[in-house]
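Visitor: sharing a sequence plus its predicted fold:
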Amino acid sequence: IMLSTAVGLFILAIIIVPAVILTRPATKAPVPLFTTGGDMLDFLLQSGEISEHDGLLATWFHRANSKEQMNMALASDVMILEADVTLEGYGTPNQKPVPIMAHPPDVYSDNTLDQWLDAVLDSRKGIKLDFKALDSVGFSLDLLKQKNSSRGINRPVWLNADILRGPNVPSFVSPVNGTRFLQLIQKTFPDVTLSPGWMVLYIPHIPGIGTYSRDMVEQMYHLIKDVPQKVTFPVHALLVHRGWQHISWLLNQSPRFSLTLWQGSDHPTVSDLLFVRDNTQPAQVYYDIYEPTLTAFKEAARNRSGVRRFYPGGNLMDFLYPVHNWNSSFLTDVTQHSSLGVRWFSVTDEAFLLARLSAKSSSCNKKVIISFAKISFGHYFKKLMMTDAPWGVYLRVHGHQLLEASLKLLQATYSAEELYRPIWISMESSQSSYSTSHYIFEQDFVSTVEELFPYVTVVLAEQNWP
């Protein structure tokens with residue numbers, strides 16, 4: 001839920017909708033001198049791998065651990081190598097302080113981190129190292145520091161560890177100690193991009209499977225809010241849509257933050273990937289997605305048509321003034337990024353609403369404000385959602401029964417992937433704005449929204465804010 005302030009009788013609001021041809025240059029420039037903590041897209045752009053700052057253009061090779069897999073990755077045209085680091089013989093009596101390239105349950109490998117780095121540094125690939133246990137982190141950081149001093153790493157380095165329990169992970173499963181992981185990096189080799197994630201258990205075809213919660217993202221923010229590095233949060237692509245209310249909050253806490261969508265053996269839908277792309281800027285999200293879904297997604301992103309898949313609880317100013325144009329037919333002629341330049345209409349009867357829906361001026365920049373006092377919201381909501389007019393909706397609900405009915409209708413429309421407009425909602429109260437009873441009234445209102453359909457902006461009276 002987002003909160004917005006209503007002053008007086010109405011709130012100023014906003015509307016309109018407006019989502020890439022990805023080419024590789026024919027010739028590639030030499031690998032530039034580049035800091036290990038630099039932006040990955042800057043590096044790929046400077047080295048001639050991509051043509052613009054767009055995370056969708058970056059390509060990945062997973063588990064480039066063994067020498068065979070590493071050499072296959074180095075011979076390919078992928079841009080970033082992801083590999084797993086553990087200690088030789090980890091967890092056995094033969095454990096040695098030697099970082100090797102292996103994914104659990106493997107604890108032996110024909111490839112050490114030392115050998116892996118020497119091979120990869122002769123290429124132009126970006127580096128992402130995944131740590132499954134804290135014990136290997138310190139030794140690996142020492143080695144990175146040594147390599148950077150002796151020959152220069154000369155490219156971005158991402159360091160990943162799952163430092164919190166995430167969706168559906170039982171309490172007896174322990175993540176990497178996040179505090180210690182971050183401390184080791186700050187002490188030994190801080191010039192990196194951090195990739196702190198959540199342990200995730202995804203079970204397909206299970207109704208009501210959990211997703212990212214408010215508590216999960218707040219815990220993560222508490223751990224990383226003071227670090228100086230760039231941070232990219234790995235997020236499970238099959239859970240991101242339902243958890244967008246919280247994931248988007250985390251992403252928007254700092255311009256240093258980005259997301260990296262990843263998947264297991266099950267593929268996300270192209271629709272869910274487009275939803276994320278339509279609610280972020282191209283440089284904010286990397287897509288570590290497998291074929292054939294990745295190609296289908298890129299094709300859909302290139303050939304966008306129709307209404308942007310806007311998150312109904314998203315920022316109205318972003319809806320009105322998108323930096324990235326999803327569909328040129330929906331571009332607004334408004335040039336000043338101010339709500340003062342926005343027109344709005346209070347719809348109080350059926351005739352007025354139908355006239356607005358059919359008017360040629362419907363493509364103008366407006367906010368529809370629907371009052372339940374005089375019209376039935378449910379009867380006309382479908383028509384409103386089907387129009388191409390770039391409108392948002394502000395619902396002023398009179399009574400708890402209507403609130404529940406409205407939220408259930410919104411949830412059904414959202415589940416059917418038919419709700420891609422900003423929704424604001426308030427509930428009228430006869431109590432004084434300063435009274436205790438009004439405070440209880442608003443708490444009940446917010447709780448109901450949170451329970452039935454939290455993907456909206458809640459409008460509260462300003463004087464009741466803490």
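Guide: Right, received. Where do you want to start?
Visitor: let me see the ranges of the helices in the stretch 351-466 of the chain.
Guide: Secondary structure of the stretch 351-466 of the chain (DSSP state H, counting those that start in this stretch): helices located at 377-386, 400-415, 436-452.
Visitor: okay, buried residues for the second one please.
Guide: Along helix 400-415, the positions that meet the burial threshold by neighbour count (16 or more other CB atoms under 10 Å) are 402-407, 409-410, 413-414. Where C-beta positions appear, they are placed from N, C-alpha and C, glycine not excepted.
Visitor: would you list the helices of the stretch 351-466 of the chain in CSV and tack on distance to V307?
Guide: Below are the helices of the stretch 351-466 of the chain laid out as CSV (distance: least, CB to CB, whole Å):
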stretch, distance to V307
helix 377-386, 9
helix 400-415, 13
helix 436-452, 24
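Visitor: measure how far stretch 121-131 is from the centre of its chain, please.
Guide: 24 Å (CA atoms, centre = their mean, to the nearest Å).
Visitor: what's the answer for stretch 286-305, then?
Guide: Remark: stretch 286-305 is offset 16 Å from the chain centroid, using CA atoms, centre = their mean.
Visitor: now it: buried residues?
Guide: Using 16+ other CB under 10 Å as the test for burial, stretch 286-305 gives 286-290, 293-294, 297-298, 300-301, 304.
Visitor: nearest to M385, of the residues you listed?
Guide: Among the buried residues of stretch 286-305, R304 lies closest to M385 (CB to CB), at 18.9 Å.
Visitor: could you report the separation of the closest one from L44?
Guide: 23 Å (CB to CB, to the nearest Å).
Visitor: contacts for the helix or strand hosting L143?
Guide: When secondary structure is defined by DSSP states H and E, L143 falls within helix 135-150. Residues outside helix 135-150 that contact it (CB atoms under 8 Å, 6 or more residues apart in numbering): 36, 85-87, 90, 97-99, 113-114, 117-118, 121, 129, 131, 153, 157, 161, 181, 184-185, 188-189, 191.
Visitor: just the ones of those in helices?
Guide: Among the contacts of helix 135-150, DSSP state H puts 113-114, 117-118, 181, 184-185, 188 in helices.
Visitor: quick check, nearest of the residues you listed to M199?
Guide: F181 (13.4 Å).
Visitor: for that closest one, which residues are in contact?
Guide: Neighbouring residues of F181 by CB under 8 Å, 6+ apart: 131, 134, 137, 161, 163, 196.
Visitor: so how many other residues sit close to the last one?
Guide: Read that as P196. Using other CB atoms under 10 Å, P196 has 23 other residues around it.
Visitor: also the fifth one?
Guide: Applying other CB under 10 Å, we find 25 residues neighbouring I163.
Visitor: for it, which non-adjacent residue is spatially closest?
Guide: Using CB to CB, 6 or more residues apart in numbering and skipping residues adjacent in sequence, the residue nearest I163 is G178, 3.0 Å away.
Visitor: return the distance of the one you found relative to A300.
Guide: Per CB to CB, G178 is found 36 Å from A300.
Visitor: again with W344
Guide: Using CB to CB, one gets 33 Å for the distance from W344 to A300.
Visitor: before we move on, what about I423?
Guide: Going from I423 to A300 by CB to CB gives 25 Å.
Visitor: R242 too?
Guide: Separation of R242 from A300 (CB to CB): 20 Å.
Visitor: one more: L353?
Guide: L353 is 33 Å from A300, where distance means CB to CB.
Visitor: ok, D226 next?
Guide: Distance, D226 to A300, by CB to CB: 38 Å.
Visitor: for S123, same thing?
Guide: In terms of CB to CB, S123 sits 31 Å off from A300.
Visitor: repeat for K125
Guide: According to CB to CB, K125 stands 27 Å off from A300.
Visitor: ok, I206 next?
Guide: I206 sits 27 Å away from A300, going by CB to CB.
Visitor: and K132, what are its phi and psi?
Guide: phi -90, psi -10 (degrees, to the nearest 10).
Visitor: thought it was touching P105?
Guide: No: using CB atoms under 8 Å, K132 makes no contact with P105, being 10.0 Å away.
Visitor: of these two, give the one with the bigger neighbour count.
Guide: Ranked by neighbour count (other CB under 10 Å), K132 and P105 place K132 first, with 17 against 8.
Visitor: so which bits of stretch 163-178 are buried?
Guide: By neighbour count with 16+ other CB under 10 Å, stretch 163-178 contains the buried residues 163-167, 169, 175-176, 178.
Visitor: circling back: just the buried residues of stretch 286-305: which are in strands?
Guide: The strands, defined by DSSP state E, take in 286-288 from those.
Visitor: distance to Y221 added to the residues you listed, as TSV?
Guide: Output for those, formatted as TSV (distance: CB to CB, whole Å):
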residue	distance to Y221
Y286	20
Y287	23
D288	22
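Visitor: next, format those as TSV and append pLDDT.
Guide: Listed next are these as TSV, based on pLDDT from 0 to 100:
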residue	pLDDT
Y286	99
Y287	98
D288	97
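Visitor: where does F233 land in three-state SS?
Guide: Put simply, F233 is strand when judged by DSSP: H, G, I helix; E, B strand; the rest coil.
Visitor: that one and T193 touch, don't they?
Guide: No: using CB under 8 Å as the test, F233 is too far from T193 to be in contact (11.2 Å).
Visitor: what helix or strand is L261 located in?
Guide: Here L261, judged by DSSP H and E, is contained in strand 257-262.
Visitor: direction included, what does that strand pair against?
Guide: Strand 257-262 has the following sheet partners, assigned by DSSP bridges: strand 231-236 (parallel), strand 285-288 (parallel).
Visitor: which outside residues touch the first one?
Guide: Under the criterion CB under 8 Å, 6+ apart, residues 158, 160, 166-167, 193-198, 200, 202, 212, 220, 224, 243, 247, 250-251, 254, 256-264, 286, 288 lie in contact with strand 231-236.
Visitor: if we use 7 Å, what do you get?
Guide: 158, 160, 193-197, 200, 202, 224, 247, 250, 256-262, 286 (CB atoms under 7 Å, 6 or more residues apart in numbering).
Visitor: selecting buried members of these in ChimeraX, what would you type?
Guide: To isolate the buried ones among these in ChimeraX, judged by 16+ other CB under 10 Å, type:
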select :158,160,193,194,195,196,197,200,202,224,247,250,257,258,259,260,261,262,286
